[in-house]
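A.B. asks: Any chance you can model this:
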Amino acid sequence: MKCAIYARYSSDNQKETSIEDQIRECKSYIDQHGWELSEEHLYKDYALSGADTSRPNYLALKKAASLQQFEAIIVDDLSRLGRDMGESIVIFKELQSYGVFTVSVADGIDTSLPSGKLPYYFKGIMNEVFLDDMKAKVIRGLKGQVMRGYSAGGRVYGYKTESVLDPSGELDKFGNPRKLGSKIFVDAEQANVVRRIFGLRLNGLGYRAIAHSLNQENVPAPRADTPTGNRHWSPGTVRTILMNKKYIGAWEYNKVKRLNKRVPDMRRSVVNKVTDWVEYKSEDLRIVPDSDFYAVAALVKSRSTKTAAGAKKYLLSGLLRCANCGGSMVVVNAGRYSSLTCNTARNKGRSVCENGYKLERSIVETEFLSELRKVLLAPSMTKLILKKIQERIDVIMTGSTLDPKSLQREKRKVEGQLNNLLQYIEAGDSSESVRSRIAQREEDLRALNNKIEHAKQSPVHVKKVTLEKVQDMILGFNKIITKQQDNIPLLRSALSKVFPEKISVSQKLASNGVKFKLLGNAYLGNLFEPIFTKNVWRPQGDLNPRRRRERAVS
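C.D. replies: The predicted structure follows:
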């Protein structure tokens, strides 16, 4: 009997030896029964909740089971496999279909036995109830910590925490000094930055201007010291700080409940009842006065919401990347002065990315289409396009309901079925079901005859597509795109497949304006070589509308 072992522990507060203990018990059970274990089928998930159905090694276990690489899964306790009842039912049925059963050593559950189903489901329910009970206890414990003035977890810019140990010297279950909690204190250096942000906003600076100023002075951004944290300030970070009530000493917890947070497509948040909120106020934690906070809040509320230019339909949206920093090139403004610029430089400033020049969108699009036309007009490419068009036409014609040949074939099929049913009547079977089927086939036959008559009067004609026609279509790209504005998202989707690695945009200032260069690889059909390059710097005029007007007047 080939077996697999699955072991898991749920949080960083548990020791890794927990997994080794589970594996030891499972191996002992396998040895007692004379079964076989291969080390490649020893699956372990560290510090992951049983409610998380996307655990990497749990998914690997399920995949191996579907390939029938073993006959049994051994776990120390059924809760190690998971604590979600819905998932327990799903995996039970899946494993049954693969011919794989589960053995829980501590529970004495064996799903290969007829009597194993009931205790399996019962234990699954108990595991989920345990998880719900544990969540309630954790929330209750956090509420208590907050009311005692301790941190309930999470980092907030402007504050720091220090561990408070039990003065009695009592040890925890791991032999370390027992911690009562983490006390929150104001971080003087970061608090000064918070006050400055509020001051700059009250003096009229916007989120983007504040972020540029902080980045230019190399002020460390929140979480800049963490591996995944952003090293630079952004408008969003500034706005989050300006809206945080903690800076007036009002700390609120348990306002929002996150549902299905481990299932990406089902995540959502709901606001808890006001009676469930936990509020803790402390003047010791105040960083800004109420007057400043609520004055900024009024500015946020009164600020008009504008539709971003990028929300419109643009051909190259999402396709261009800044060659300097790798950030997205985004559309700013609309209409006559629509342009493209690096989003990193725009939001975080030139101190973060130097490519902050604006490129006239229409010029970039024209240059892009010009290069793409050269690629598509290559003889090998036009032949490939012609072949694909013809294949598509053949598919449409084959499935056409007005194709006379296919209609005649369908008619002969229905006539044959009708003839067979009439033979049943002649043989003495005149049941209601047979008569009903005859009536249905006669109706089908009438409908087919109508379609055949319509096809004779309106035959389907398809104009032959030639190589020259394909070339004309490619040359007329710009006109086609202008006429097909409603289909821009479809064209953009197709381009993203042709340029999966994106197109880099380099920029530099010149005497006659800004020069730019496009560089990218196009993958069309069976061609996987870099075939889209633009190495010639393309100058363009001054994009500043005010200077344009001044130049026009002079």
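A.B. asks: Might one say that K517 is in contact with S506?
C.D. replies: Yes - K517 is in contact with S506 according to C-beta atoms under 8 Å; the separation is 4.4 Å. For the C-beta atoms, the positions are set from N, CA and C on the backbone; glycine is no exception.
A.B. asks: list residues touching both of those two?
C.D. replies: Common neighbours of K517 and S506 (criterion: C-beta atoms under 8 Å, 6 or more residues apart in numbering): A323.
A.B. asks: Would you mind confirming that V375 is in contact with Y523?
C.D. replies: No - V375 lies out of contact with Y523 (C-beta under 8 Å); the separation is 10.8 Å.
A.B. asks: Helices of the stretch 101-250 of the chain, start to end?
C.D. replies: In the stretch 101-250 of the chain, the helices defined using DSSP state H, counting those that start in this stretch lie at 117-147, 188-202, 207-216, 235-242.
A.B. asks: A439 and K62: what is the separation?
C.D. replies: 51 Å (C-beta to C-beta, to the nearest Å).
A.B. asks: Check whether V330 really touches N347, as I assumed.
C.D. replies: No - between V330 and N347 there is no contact under C-beta under 8 Å: 9.3 Å.
A.B. asks: what's across from the residue nearest to K179 when sequence neighbours are not counted in the sheet?
C.D. replies: Nearest non-adjacent residue to K179, counting by C-beta to C-beta, 6 or more residues apart in numbering: S163, 5.4 Å away. Judged by DSSP bridges, the bridge partners of S163 are S182.
A.B. asks: Now for S163: which residues touch it?
C.D. replies: Contacts of S163 (C-beta under 8 Å, 6+ apart): 179, 181-183.
A.B. asks: 10 Å instead, please
C.D. replies: Contact analysis of S163 by C-beta atoms under 10 Å, 6 or more residues apart in numbering lists 150-151, 177, 179-183.
A.B. asks: Widest-spaced pair of these?
C.D. replies: Using C-beta to C-beta, the contacts of S163 span at most 17.8 Å, a distance reached by S151 and P177.
A.B. asks: Give me the more crowded residue out of those two.
C.D. replies: In this view S151 and P177 are compared by other C-beta atoms under 10 Å, and S151 has more residues nearby, 20 against 12.
A.B. asks: how near is the residue lying closest to that one once chain neighbours are set aside to R148?
C.D. replies: Of all residues not flanking S151 in the chain, S182 sits nearest, at 4.3 Å (C-beta to C-beta, 6+ apart). According to C-beta to C-beta, S182 and R148 sit 11 Å apart.
A.B. asks: Mutual contacts of the two, please.
C.D. replies: Between them, S182 and R148 share the contacting residues V164, judged by C-beta under 10 Å, 6+ apart.
A.B. asks: So which of the two has more stuff around it?
C.D. replies: Shown here are S182 and R148; by other C-beta under 10 Å, S182 has more neighbours (16 against 12).
A.B. asks: quick one, what contacts that one?
C.D. replies: By C-beta under 10 Å, 6+ apart, S182 lies in contact with 145, 150-153, 160-164.
A.B. asks: if we go to 6 Å?
C.D. replies: If you count contacts by C-beta atoms under 6 Å, 6 or more residues apart in numbering, S182 has them with 150-151, 161, 163.
A.B. asks: Quick check: which of those residues has the minimum pLDDT.
C.D. replies: On pLDDT alone, S151 ranks lowest of those, at 72.
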